[in-house]
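give me a 3D structure for the following:
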Amino acid sequence: MVYQPPVGARDLFPLDVAQKRWIEDRLQQVFHSWGYHRIITSTLERLDTLMAGGAVERSTVLQLQDREDEALGLRPELTASIARAAATRMAGVAYPQRLYYNANVFRRASRGDFKRQQEFYQAGVELLGVGGVGADAEVLLLLADCITNLGLTGWSLVLGDAGLTRSLLSTFPDSQREHVRRAIAHLNRMQLETLPLSPELKARALFLLDLRGRPEDVLQQVSSLDLDSAQRATVNTLKASIELLQASFASEHRIAPALVLDLSLIQTFDYYTGIVFEAISSHGSGQRILAQGGRYDQLLGLYHPQGLTAPGIGFTFNIEDLHQVLLPTQQLPQDTPPIDWLVVPIANAYAAAFAYAQTIRDATPSIRVEVELSGETRADAVRATARDRSIRQIAWISADAEPELESLTD
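This is a model prediction of the structure:
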């Protein structure tokens, strides 16, 4: 029998890990510079926690059953878990809270899709307890700084507004509204055209589907609709957010991405209430989503014992997608980190060899030191092995003599 990881999972080998760490370290540098602190939440959640208020779709959750017959699930994303922790375990902590994470998540593959990945690695931020255009701009500028720190250019920032889109969908009958929403979310024009809608509603659905482009043009299009006062206020807030973002890109000397306003943008998770966004790379073969997120001003209230809520906004990077985009740039490590020293015990002087190796490590904690364990002490053979593995320093250790140090050259 050949043992393999479960379907949808995979092993990461040392070079994979080195490249993954390279990405995570550069993201973490930016998170720290903006004042964000790491949070680690449980990989397991109660299923009712994940399901609260429809925050997460049950079909996406890999479910477990514990011995107490309590339904558990592996987290399919981090935002709901962080909202739960913030509203319960962190209750009373002063806002705003700037939090970041770096963790794995799990999503059930669709029925019949036996090859789709089910375990993912993500890194992202959550800004809790503050709303308004300033908070929206902070998160979007932080996102841009992360992408710049990864050395990526030529990307687009696609903006939408979940609350406005949801409001514009309210004119559709209850029996068809979810079908319209899903068709728009998946850009499925054919499905929209086959739905049993009146000509007026069908035209409106297709109008919403195509409501994307330059922010100024889309805002003008949506303003031409018969909007109520709340909808018009949302449009004005969205306009202010885009203007602040454009001004910040210009004044802070950042490399500004192409901005696209897309009011058909609907995220998979249904807890977003305001601005939603995606960072999209167009390098290589086709487009790839680098990051996505949005504002969720009601989510924390789902988990608070008294239902008290607080605003929140955040985004997540999919590390696997970043990895695929970065591979052709040659920025990622091409080899695992080299070993700096090889300590060779002569005549089985292992105690002395281990002691000397530790002396090197103590002097310079970042140094990588190995002890030769095969018993090979022939100088030519040891040197050949060291050169093959790019080791440049050898320490020959005897039990009763001073170490002999040797530097290898090509």
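
just the helices in the stretch 1-150 of the chain please.
Counting by DSSP state H, counting those that start in this stretch, one finds helices in the stretch 1-150 of the chain at the ranges 14-33, 47-51, 79-88, 133-149.

so of the ones you listed, which one's packed in deepest?
helix 79-88 (a mean of 23; mean count of other CB atoms under 10 Å). (Each C-beta comes from the backbone N, C-alpha and C, glycine too.)

who touches that helix?
39, 41-42, 45, 49-50, 52, 55-56, 75, 93, 97, 99, 101, 126, 128, 269, 271, 296, 299-305, 308, 310, 312, 314, 316 (CB atoms under 8 Å, 6 or more residues apart in numbering).

for Ile184, see how far away the spatially most central residue of the chain is.
Against the mean C-alpha coordinate of the chain, by CA atoms, centre = their mean, the closest residue is Phe317 at 2.2 Å. Distance of Phe317 to Ile184, given as CB to CB, to the nearest Å: 25 Å.

still on that earlier bit, now the helices of the stretch 1-150 of the chain as JSON lines including mean pLDDT and distance to Glu404?
Formatted as JSON lines, the helices of the stretch 1-150 of the chain follow (pLDDT from 0 to 100; distance: least, CB to CB, whole Å):
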{"stretch": "helix 14-33", "mean pLDDT": "96", "distance to Glu404": "30"}
{"stretch": "helix 47-51", "mean pLDDT": "83", "distance to Glu404": "61"}
{"stretch": "helix 79-88", "mean pLDDT": "91", "distance to Glu404": "55"}
{"stretch": "helix 133-149", "mean pLDDT": "96", "distance to Glu404": "44"}
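
okay if I get the ones you listed as CSV plus distance to Glu178?
Formatted as CSV, the entries for the helices of the stretch 1-150 of the chain read as follows, by distance: least, CB to CB, whole Å:
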stretch, distance to Glu178
helix 14-33, 35
helix 47-51, 17
helix 79-88, 21
helix 133-149, 27
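
so which of these comes closest to Asp210?
Judged by CB to CB, the one of the helices of the stretch 1-150 of the chain that comes nearest to Asp210 is helix 133-149, at 24.1 Å.

can I get that closest one in CSV, CA atoms only?
Presented in CSV, the C-alpha positions along helix 133-149 are these (Å, rounded to 0.1, in the frame of the first residue of the first chain):
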residue,chain,number,x,y,z
VAL,A,133,-13.6,56.1,5.3
GLY,A,134,-10.4,56.5,7.2
ALA,A,135,-10.4,52.9,8.5
ASP,A,136,-11.3,51.7,5.0
ALA,A,137,-8.4,53.7,3.5
GLU,A,138,-6.0,52.3,6.2
VAL,A,139,-6.7,48.7,5.3
LEU,A,140,-6.5,49.3,1.6
LEU,A,141,-3.2,51.2,1.8
LEU,A,142,-1.9,48.5,4.1
LEU,A,143,-2.9,45.9,1.5
ALA,A,144,-1.0,48.0,-1.2
ASP,A,145,2.1,48.2,1.0
CYS,A,146,2.1,44.4,1.4
ILE,A,147,2.0,43.8,-2.3
THR,A,148,4.7,46.4,-2.9
ASN,A,149,6.9,44.7,-0.2
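
please pull up the helix or strand immediately following it.
strand 155-161 (DSSP states H and E).

if we can go back for a sec, quick check: which of the helices of the stretch 1-150 of the chain is nearest to Ser398?
helix 14-33 (32.2 Å).
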